Every structure is written in structure tokens, then in C-alpha cells.
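Undergrad: this is the structure alone, sequence omitted:
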């Protein structure tokens, strides 16, 4: 059995994880480039936890400037089996107000030009993303929220835009009309890459605003988003701490198949696979390439 290691990807307003014990900081070398920051590894209870600030401490990287492949590869090299994304978002629903946490289960990718796969020419692979969030991990987050008396809404679709600008009014109204629940700028291609790396993924979307569709609220601005994000960060730390304290010692099979996502996924025949790309895939796909 594989030991469970809980990864936490901190989004806007979440640049550290209070409560980590026995912390050590390590800059992980990745063949995919430089991760956003050093990994902070420690323990909460008996669970090993690895934290990475998605935008870097001090918020150095814009959403489309983040090296998502390096971040996920670094998490994989650190042994992470389950990854929780803490992400600020705007809401398209009156009943999902600022301050609420939404446990996303679907994504729509509206980004352009971001590197969204570890695979490509020389080693082609196709993984299923029908159910991008691990149901078991999401259920554990929901249980932790209940234990901490933190309000969450379970289920919802997150549409990911490039940014860094917030939506136009026309875009906001269009996304709302399409039935999307929240909007953010970072969970794609992060969720896709986590699936390719066979890391179980779940998002805690922390609502900071109503985007700009809501007639009773002003257009989104950074000051308002940051104020709510900071308040959300304290709740997020409590939620992650409870999740970690109650986490299993061994990795649980994912009902969505994330723990074996690469089974049968690689299409390229061994004889014609690109050696340089295979070398970069040592952590992400080593289980199937070396098996």
C-alpha cells in the first residue's frame, strides 16, 4: 500500500499553512521548469502535508504565468497522493455568497495557450477527465467542514478564465446563463495535470465576490477580493487542519480512477517513444513507463 500524503495548493490570500509541525522547506528541481515557490513539508497530526503557494509568496505570478506543470511535478516528487486546491473565486449564484466555500465537482476550461499536458509528440497519452474531482477526497473535506462548523456548498461547476482582468459584464452574464456556478483563473490546467500525474484532486472554491453580474454589488476590485480572501484564509487553515488530522494513513483508491489514471492511457508504441520526453516523465508516469 502507498502512504497517503496530503498536498495543499494555496491560492490568492493563502501563502502559508498555519499549524504545520516539523516544517522543512525544500526547493524541488523539476525537469518542467521552476515551481512557484519552495515546498513546505511538515505534519498535522499523523499526516504528512506538503504546501505550495500557487502564486508564490508575495503573489509574484499571474494566473497565466504560473508553471502548472512544474508545480504538479514537484508535488508528485514529494510523494503527494491527494491534492487540495484552495482557490478564490467569483460566484454566479445568489445563494453562493462571499465567504462561502464551494466544493467543486466539475470544470470548464476557457483558458488559452497554457501548457495543459505532460504528454505530447513522442509520448501521447489520453486520460479521462469525466470526473475531475476525487469523490472520496471531496467527501472527506465535507466531513471536516461539518466537524469545524464551516459552511460549504457541495457540488458546482467552476469555469476557468485566463485573466488577469476580471470578467466584462457581458462575459459574466453569459457564464451565468450557461449555468456555471463560480469563476476563477487557476484550476485549469492544474486539475488536468493532477489527473495525468495520478494525484487525486479536489477544489475548495472560496467565494470572494459576485463577479459583476449582480446588480446589487459593485464591479470586482482587488481590495474587496483581498479582504474576503484574508478572512477566508483563517477558515481554510482550520478546514485543512481537520482534514489532515482525520486523514487515512494509506492512500485510498479513488472512485474516479485518479490513482490509476494512466492505466492504458499511453498510445505511443514503446519503440518510437521520445527518450528526452520519457526522462521528464520519470515522476509523473514512472509507474506505467517502468512497470
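TA: Happy to help now that I have it. Treat the numbers as computed from the prediction; the structure is a model and nothing was measured. Residues are numbered from 1 along each chain as shown.
Undergrad: can you give me the strands for this structure?
TA: 5-10, 21-26, 39-44, 47-53, 82-91, 101-103, 106-110, 152-154, 157-161, 182-184, 200-209 (DSSP state E).
Undergrad: output these in CSV; the columns should cover mean neighbour count.
TA: (Glycine included, C-beta is placed from N, CA and C.) Compiled in CSV, the strands of the chain are given as follows (neighbours: other Cβ atoms under 10 Å):
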stretch, mean neighbour count
strand 5-10, 25
strand 21-26, 11
strand 39-44, 20
strand 47-53, 24
strand 82-91, 27
strand 101-103, 23
strand 106-110, 17
strand 152-154, 17
strand 157-161, 23
strand 182-184, 27
strand 200-209, 27
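Undergrad: closest one to residue 263 among the ones you listed?
TA: strand 200-209 (14.8 Å; Cβ to Cβ).
Undergrad: next, the angle from the closest one to strand 5-10.
TA: Interaxial angle of strand 200-209 relative to strand 5-10 (axes from the mean of the first three to the mean of the last three Cα atoms, to 10 degrees): 30 degrees.
Undergrad: can you list the strands that strand 200-209 pairs with?
TA: Strands that pair with strand 200-209, judged by DSSP bridges, come out as strand 82-91 (parallel), strand 101-103 (antiparallel).
Undergrad: please report phi then psi for the closest residue to residue 231 other than its chain neighbours.
TA: Nearest in space to residue 231, with sequence neighbours left out and distances taken as Cβ to Cβ, 6 or more residues apart in numbering, is residue 99 at 6.8 Å. Residue 99 has phi and psi values of phi 100, psi -20 when expressed as degrees, to the nearest 10.
Undergrad: is it true that residue 99 touches residue 227?
TA: No: taking contacts as Cβ atoms under 8 Å, residue 99 lies outside contact range of residue 227: 10.7 Å.
Undergrad: how far is the lowest-mean-pLDDT helix or strand in the chain from where the chain is centred?
TA: Ranked by mean pLDDT, DSSP states H and E, the helix or strand of the chain with the weakest confidence is helix 222-245, at a mean of 87. Between the centre of helix 222-245 and the centre of its host chain there is 15 Å, according to Cα atoms, centre = their mean, to the nearest Å.
Undergrad: mean pLDDT and distance to residue 129 added to the strands paired with strand 200-209, as CSV?
TA: Below are the strands paired with strand 200-209 laid out as CSV (pLDDT from 0 to 100; distance: least, Cβ to Cβ, whole Å):
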stretch, mean pLDDT, distance to residue 129
strand 82-91, 96, 15
strand 101-103, 98, 18
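Undergrad: rebuild these as CSV, extending it with distance to residue 254.
TA: Formatted as CSV, the entries for the strands paired with strand 200-209 read as follows, by distance: least, Cβ to Cβ, whole Å:
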stretch, distance to residue 254
strand 82-91, 9
strand 101-103, 16
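Undergrad: out of the ones you listed, nearest to residue 163?
TA: Nearest of the strands paired with strand 200-209 (Cβ to Cβ): strand 82-91, 11.0 Å.
Undergrad: want to throw the strands of the chain into a markdown table with distance to residue 136?
TA: Below are the strands of the chain laid out as a markdown table (distance: least, Cβ to Cβ, whole Å):
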| stretch | distance to residue 136 |
| --- | --- |
| strand 5-10 | 13 |
| strand 21-26 | 25 |
| strand 39-44 | 19 |
| strand 47-53 | 15 |
| strand 82-91 | 9 |
| strand 101-103 | 12 |
| strand 106-110 | 17 |
| strand 152-154 | 13 |
| strand 157-161 | 19 |
| strand 182-184 | 22 |
| strand 200-209 | 7 |
